[in-house]
Each structure stands twice: as C-alpha cells, then as structure tokens.
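> the amino acid sequence is not available; the structure is as follows:
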C-alpha cells in the first residue's frame, strides 16, 4: 500500500437527482477504511430558497455555512449548543447560518432528545445521508472491490469482479461495469453523486495514474478521464491507503480522536497519519514510507536489498517465506495464521516472531508521532491478535517504560473497507466545494 493525493475531474453537468511502559492495548474487532474539508476560496452565487432566504447572504458566509454542514455530516446528529461550541460560534450566529441550510434540506432536525449538557429538550441537527449515493471501487492486483454507500460512507451494497487482464483498457472496462452494476441498485448512474476509484499507486493532481506496480502500470494512465467519459459522472481517482485514512478521519477513528495513525500490513506496508484533525499530506505521501524501516538487523533481505526492514518481516510474502522454512512446505499466510490460532507450535513461533517485529513498528510509530491511537488493518493484521503476547513484548521493548499506553485498534481485513475508502474519498470531494450547498438549495427550490 502507499498513499498519494487524490485528484478529481469535472464530468458533464449532473442530472437531477497502550499500557504504561509500552504494552499495547489491542482492541480486536470485526470493524472494517479525508483531509479536513477546505473552505471555499471563492464565494458561490447565492441561490434563492423557497422562503426567499439565501445560503450566502454576506461575504464569508459560504465558508461558515459549509463548516456547519461538514461538522454535522462528520459528527451529527449534534445539539445546537454542542455544534456552536465545536465551531466557536455564538447561538445567534449558528441560528443565522443553519436556518437556510435547514430550509434547503441540506440539514434536518432530528427527533427531540435531551441536550447532554443542559438536559433540556432539543432538536439535534443532522444530514439526510440516505438521500445521496456514492460508488467506491478499489483495484487490487487481481480483483476490483466495489461498494455502494450513502453520504456518510455507510456500505449499502457490495460487489466484486475479477481482473484477469490488467491492461489499462481492460481494467477501465471492468471498473465501469462494476460501477454501473452497483449504481443500478440506486436507480442508475444518474442517481450517483460521485464515483471514487483507488489503487496501490501514485496519482498526480490532474488525476493521471503515474505508477501502479500492483497492476503492472509503469507509464501514465489517465484513468480519471477514461472513467469520467464512460460513466458520465464525476470520478475521483486516488491511492487506496490515503483514501482509507481520509475516510477514517471523517467517518471512523477521526470522530473520536484528533490524531491517529493508520497502518496496513498485507502485500505491502501502508501508512497514513492524522494530526490536529487533518490528514498529513506531503510530496512523500505517495511513497511506502514505512516499508523499509529497519526492525531487525539480523533479519532477511527485502527484494531491494534492505536487511530486516518492515517489508522483509511483516508482509504476506515475508510470512509465507518464513512459514515455508518452519513448516517444510509452501504455506499461505492465511493457513499459517489458522494453524497458529489452533495451537500448532511451529506456526505459532513464526507468527510470534512477526508479531514482535510488528510491535517494534507500532512502538516506533507511537513514539515518533505521539498520536492518540493507532489503527491496524490489512490481510496480515491478524498477526497482532494471534500473536498478541509477542506483540506486547515488541512494543514494551521499544518504548520508554514511562511512556503512555499504546492504544492499538486491530480491525479484521474485509476487502470492502478499501472500496469504502474509495467511496469516502468521493464523498469528501463532493462536499468539499460550494457545489454541495448550491445543489441542495437548487433541488429544494
């Protein structure tokens, strides 16, 4: 996995439509995967509402109204008092900003509830997430994983399709067919607001895939333009790990924390970082930044020659190579983990070795970033639960004994989480501009 910046291209106009000293606290579950939305830099044309109000009645209002809408989307339903405090608004300012949003239908009043602070009856503000549909597709080396979601990236339907031919034209065809099939569950592609597509590779700001080695693409492929033309909808193409981090930021771990790191261990080592309630994005975001972090100087070499780096010890190929030596025959990572969980001593040794090294990596991330939480997922994430005691040993050995606990959340890998990440990326692209407010108002009119 790696990460990179997302890119969107306009389509034809829309149709209506951690214990002290470093012991890891591991929360194992069956959970599944953008940057804080920037305020518009230019003011949209004010759109008349049914009662004559306007979404943008004064300079600066569009950005403030947008902030209100995004805050409710990410954290709603929210009582007005809590929403005003989160945004630093007075009660009067919030009323002025939210009234036209409610009139337009972009925000709705939820059923009456007691305000958790004042205990008085209130009508929390929410977004009608079910009114919108998005499709997300993640492209792996041999399969496309798709989902249909609502405005909060809640998965409503899943589909997948094989990729026997990884040529750009064939992958685009398979992706378009999958999107069309999923959109059919929502009434057709015209009912889908936006489409997100992710892959393990680098996509430049114009939406061109510059590199996608898992698909064998080493020359530029304008997948964004191809799919936009095929589907007639706006398409955003991005890196899978980055999209996963973005979606968790808005609709997952970011709802409860303002800083967390996302790690994915599988075919590669993926890494994403959220600090101060924003996804960290630099020119190096597209690189496998942790893949070659040294973990064990006596370990095996990775394909590019580094000894004992993360990719040589924690990836699926690394686990399978170690299992072949320990068990004396070819063994998949899935079989290795199953045998270890069932009590096979030889398999458990392999898993424990990997878990200790994973603990070292987790401790390094926790120490370097000082985030509140680390989220671990991927095809090899089960190493952390099957080898839980060894993982804690690895964390403990690499942490200051007085350091705070490492809050490590381990999520079982479900391939739909990467499709959800793609959909979440599309959701953020859709709501990050002024069009969201303007379209809601126009449809209300």
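Ah, there it is. Bear in mind that the values here come from a model prediction, so they are computed numbers and not experimental data.
> flag every buried residue along stretch 324-337.
326, 327, 331, 333, 336, 337 (16 or more other C-beta atoms under 10 Å). Backbone N, C-alpha and C define where each C-beta goes, glycine included.
> next, the contact list for the residue lying closest to residue 215 once chain neighbours are set aside, please.
Once flanking residues are discounted, residue 215 sits nearest to residue 166: 4.8 Å by C-beta to C-beta, 6 or more residues apart in numbering. Counting by C-beta atoms under 8 Å, 6 or more residues apart in numbering, residue 166 makes contact with 141, 142, 215, 216, 217.
> shaky segments in the stretch 1-150 of the chain?
Flagging of the stretch 1-150 of the chain using pLDDT under 70 yields the residue ranges 1-62, 117-118.
> mind listing the helices in it by residue range?
61-75, 80-87, 91-104 (DSSP state H, counting those that start in this stretch).
> remind me what the longest one packs against, helices and strands.
Taking 3 or more C-beta pairs under 8 Å, 6 or more residues apart in numbering; DSSP states H and E as contact, the helices and strands that helix 61-75 lies on are helix 80-87, helix 91-104, helix 240-251, helix 416-431, helix 435-444.
> for those, which one sits closest to residue 73?
Comparing those against residue 73 with C-beta to C-beta, the closest turns out to be helix 416-431 (6.5 Å).
> surely residue 399 is in contact with residue 363?
Yes: at 4.9 Å, residue 399 counts as touching residue 363 under the criterion of C-beta atoms under 8 Å.
> helix, strand or coil: sort out the residue nearest to residue 215 for me.
coil (DSSP: H, G, I helix; E, B strand; the rest coil).
> can you check the pLDDT for it?
With respect to pLDDT, residue 166 has a value of 96.
> what count of nearby residues applies to residue 371?
Using other C-beta atoms under 10 Å, residue 371 has 21 neighbouring residues.
> give me the number of residues near the residue nearest to it when sequence neighbours are not counted?
Excluding the flanking residues, the one nearest residue 371 by C-beta to C-beta, 6+ apart is residue 259, at 4.3 Å. As a burial measure, residue 259 scores 18 neighbours (other C-beta under 10 Å).
> pretty sure residue 259 sits against residue 375.
No: Residue 259 is beyond contact range of residue 375, at 11.5 Å (criterion: C-beta under 8 Å).
> residues near the closest residue in space to residue 109 that isn't next to it in sequence, how many?
In space, residue 109 comes closest to residue 123 once its chain neighbours are excluded; the distance is 4.1 Å by C-beta to C-beta, 6+ apart. Using other C-beta under 10 Å, residue 123 has 16 other residues around it.
> what sits against residue 123?
109, 110, 111, 112, 113 are the contacts of residue 123 under C-beta under 8 Å, 6+ apart.
> that one and residue 354: what is the separation?
The spacing between residue 123 and residue 354, counted by C-beta to C-beta, to the nearest Å, is 52 Å.
> quick one, longest helix in this protein?
helix 345-369 (DSSP state H).
> mean confidence score for the helix or strand just after that one?
Counting by DSSP states H and E, the next helix or strand C-terminal to helix 345-369 is strand 373-377. Mean pLDDT, computed over strand 373-377, is 96.
> quick one, strand 373-377 and helix 240-251 angle?
130 degrees (axes from the mean of the first three to the mean of the last three C-alpha atoms, to 10 degrees).
> hmm, who's touching strand 373-377?
Contacts for strand 373-377 (C-beta under 8 Å, 6+ apart): 32-33, 244, 248, 252-253, 257, 259-265, 362, 365-366, 384, 406-413, 417.
> which members of the residues you listed are classed as buried?
The buried subset of those (16+ other C-beta under 10 Å) comprises 32-33, 244, 248, 252-253, 257, 259-265, 362, 365-366, 384, 406-411, 413, 417.
> so which of the residues you listed are in strands?
260, 261, 262, 263, 264, 265, 406, 407, 408, 409, 410, 411 (DSSP state E).
> so what's the last one scoring on pLDDT?
Model confidence at residue 411, expressed as pLDDT, equals 87.
> that one and residue 384 touch, don't they?
No: under the criterion of C-beta under 8 Å, residue 411 makes no contact with residue 384, lying 10.0 Å away.
> dump the ones in strands among the buried ones among the contacts of strand 373-377 to TSV, plus distance to residue 206.
Shown next, in TSV, are those (distance: C-beta to C-beta, whole Å):
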residue	distance to residue 206
260	30
261	29
262	26
263	29
264	26
265	31
406	39
407	38
408	37
409	35
410	37
411	33
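> next, the buried residues of the longest helix of the chain.
In helix 345-369, counting by 16+ other C-beta under 10 Å, buried: 347-348, 350-366, 369.
> next: stretch 73-86.
73, 74, 75, 76, 77, 78, 79, 80, 81, 82, 83, 84.
> list the contacts of the nearest residue to the second one once chain neighbours are set aside.
Beyond its immediate neighbours in the sequence, the residue positioned closest to residue 74 (C-beta to C-beta, 6+ apart) is residue 250, lying 5.2 Å away. By C-beta under 8 Å, 6+ apart, the contact list for residue 250 reads 34, 73, 74, 153, 424, 427, 428.
> show me what the strand or helix carrying residue 313 is packed against.
Assigned by DSSP H and E, residue 313 falls within helix 310-314. Under the contact criterion of 3+ C-beta pairs under 8 Å, 6+ apart, helix 310-314 touches strand 269-275, helix 345-369.
> which outside residues touch it?
265, 268-269, 288, 290-293, 295-296, 299-303, 306, 318, 353-354, 357-358, 361, 380, 383.
> out of those, which are buried?
265, 268-269, 288, 290-293, 295-296, 299, 302, 306, 318, 353-354, 357-358, 361, 380, 383.
> buried sites along stretch 109-126?
110, 122, 123, 124, 125, 126.
> next one: that stretch to chain centre, how far?
Distance of stretch 109-126 from its chain centroid, counting by C-alpha atoms, centre = their mean, to the nearest Å, is 30 Å.
> what's the span of that stretch from first residue to last?
Taking C-alpha to C-alpha, to the nearest Å, stretch 109-126 runs 6 Å from one end to the other.
> so what's the nearest residue to residue 316 once chain neighbours are set aside scoring on pLDDT?
Leaving aside its sequence neighbours, residue 316 sits nearest to residue 333 (C-beta to C-beta, 6+ apart; 4.7 Å). What the model reports as pLDDT for residue 333 is 96.
> show me the contacts for residue 333.
316, 319, 320, 323, 379, 380.
> please repeat the previous calculation with a cut-off of 7 Å.
By C-beta atoms under 7 Å, 6 or more residues apart in numbering, the residues touching residue 333 are 316, 319, 320, 379, 380.
> in the stretch 151-300 of the chain, which spans are strands?
Secondary structure of the stretch 151-300 of the chain by DSSP state E, counting those that start in this stretch: the strands cover 155-162, 194-199, 202-203, 209-211, 235-239, 260-265, 269-275, 278-279.
> domain ranges for the protein, per the record?
37-129, 131-245+417-444, 256-414 (automatic domain parsing).
> and the longest one, how far from the chain's centre?
A distance of 19 Å separates the C-alpha centroid of domain 256-414 from that of its chain, computed with C-alpha atoms, centre = their mean.
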